[in-house]
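In: sequence and predicted structure below; questions after.
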Amino acid sequence: MSKTRTRRSPGEWLRSRDGQKFLVITAFMIIPLLLLFVFTYLPFGEMFTYSFYKMKYTGARKFVGFDNYKKVFTRDDCFGALKLSLYYMAGSVVQLALALYLATVLSFKVKLGGLFKGFMFFPYLINGIAIGFIFKFFYTRGFVFDTVLSWAGFNIENLPYWLKDQSINNWSLVGTSVWRYFGQNMVLFIGAIMSVDSNLYEAAMLDGATKFQQFKYIILPSIKTIVLLNVILSISGSLSAFEPPYVITDGANGTGTYFVVMHQIAHTQQKVGLASAMAIILLILIFIATIIQRLLFKYVFRNAEDEDINATTRREKKLARKRASAMKKGGMTA
């Protein structure tokens, strides 16, 4: 005797277990996508539209086409601010090198290594505005940095003004960013290095590999994904540096980065169209830099992987010769 299945109404199905599961899954899918669209993609679309207009926050708009994009490269304040990103890019190289070196050392058993990791990571947890105020007093004439240097024997009168002298002030601000972010890079590198198989180190030591060779042929190829991630984050952060120059100097004395100038143009001068064009150009530059980095790392690590394969082949041949030699000696002894 066959059982007849009663058809449920839409309301009954929604109140059932299957209907409730469907509603929960749909809600978890639609709500985040809706929030992402409303607070990310929709404002970005509006900003892209604003970049073709000469406008303020209120009042009439005038369509100017690509004039705002041309002004970004012709105005001294906009293009000059873009060149300041080179200072922060140079600082990011130092930041990554220091983070990778300390991560390599601290990944192995080091006395008080955990405490040192905590101290190095702590600056990243501090709010950027607070760090700006800390270093504003740190670099002020006659305060912390000058006092420490005077203890070391330097004459304060011969020291430069760290935030006013245009030959040194941008490097001072770069040092602030390096101090804040290298701990984050270090922790990411440590996590990646500790996931490398320890048997690889043992095999390398049996082959007589030095510490630098272990780093070059084992550690670096194994953590290339994290290296690429940190490089992308550092370069994009260099192009969008804001908190140190804004809080410490307010962009004065030639320290106004691209973001600081864009903030002044958007909110002080209320040139919304020009500021929107600057934001679009910054997005394009970050995208281009990311593509170049990926291609460069793909080429560099491809060569490293080829060298690693060749080294593995040489080790296997060496082991085969040793086994053959041992078998011959064993036969002669017999």
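Out: Received it, and whenever you're ready, just let me know what you need.
In: count of neighbours near Asn230?
Out: A count of neighbours around Asn230, defined by other C-beta atoms under 10 Å, yields 24. Every residue, glycine included, has its C-beta placed from N, CA and C.
In: for it, give me its contacts.
Out: Contacts for Asn230 (C-beta atoms under 8 Å, 6 or more residues apart in numbering) come out as 96, 99, 185, 188-189.
In: now with 10 Å, please.
Out: 92, 95-96, 99-100, 181-182, 184-186, 188-189, 192, 223 (C-beta atoms under 10 Å, 6 or more residues apart in numbering).
In: tell me, what residue is most central in this protein?
Out: Closest to where the C-alpha atoms of the chain average out (C-alpha atoms, centre = their mean) is Leu233, at 1.7 Å.
In: helix or strand right after whichever strand or helix holds that one?
Out: Using DSSP states H and E, Leu233 sits within helix 224-239. Proceeding N to C from helix 224-239, the next assigned helix or strand is helix 243-244, under DSSP H and E.
In: contact partners of the helix or strand just after that next one?
Out: Sequence order places helix 258-263 as the next helix or strand after helix 243-244, per DSSP H and E. The contact list for helix 258-263, computed with C-beta under 10 Å, 6+ apart, reads 72, 75, 77-85, 88, 238-246, 249-252, 256-257, 271, 274-279, 281-282, 285.
In: again, 6 Å this time
Out: Residues from elsewhere that reach helix 258-263 (C-beta atoms under 6 Å, 6 or more residues apart in numbering): 77, 81-82, 240, 242, 245-246, 251, 275, 278.
In: among these, which one has the most neighbours?
Out: Neighbour tally across the contacts of helix 258-263 (other C-beta under 10 Å): the maximum, 30 neighbours, falls on Pro245.
In: return the per-residue confidence for the nearest residue to that residue once chain neighbours are set aside.
Out: Closest residue to Pro245 apart from its sequence neighbours, by C-beta to C-beta, 6 or more residues apart in numbering: Thr255 at 4.6 Å. Per-residue pLDDT puts Thr255 at 90.
In: residues contacting Thr255?
Out: Applying C-beta under 6 Å, 6+ apart, the residues near Thr255 are 169-170, 245, 249.
In: between the residues you listed, which is closest to Ile292?
Out: Of all the contacts of Thr255, Ile292 sits closest to Asn170, with 23.8 Å by C-beta to C-beta.
In: and the closest one, which helix or strand is it part of?
Out: helix 169-193.
In: now the helix or strand containing Gly118: buried residues?
Out: Element membership for Gly118 (DSSP H and E) is helix 113-125. By neighbour count on 16 or more other C-beta atoms under 10 Å, the buried set for helix 113-125 is 117, 120-121, 123-124.
In: got the angle between that helix and helix 169-193?
Out: Using axes from the mean of the first three to the mean of the last three C-alpha atoms, to 10 degrees, one finds that helix 113-125 and helix 169-193 are set 130 degrees apart in direction.
In: which strands or helices does helix 113-125 pack on?
Out: helix 169-193 (3 or more C-beta pairs under 6 Å, 6 or more residues apart in numbering; DSSP states H and E).
In: now the angle from the helix it packs on to helix 224-239?
Out: Using the same axes, to 10 degrees: helix 169-193 against helix 224-239 is 160 degrees.
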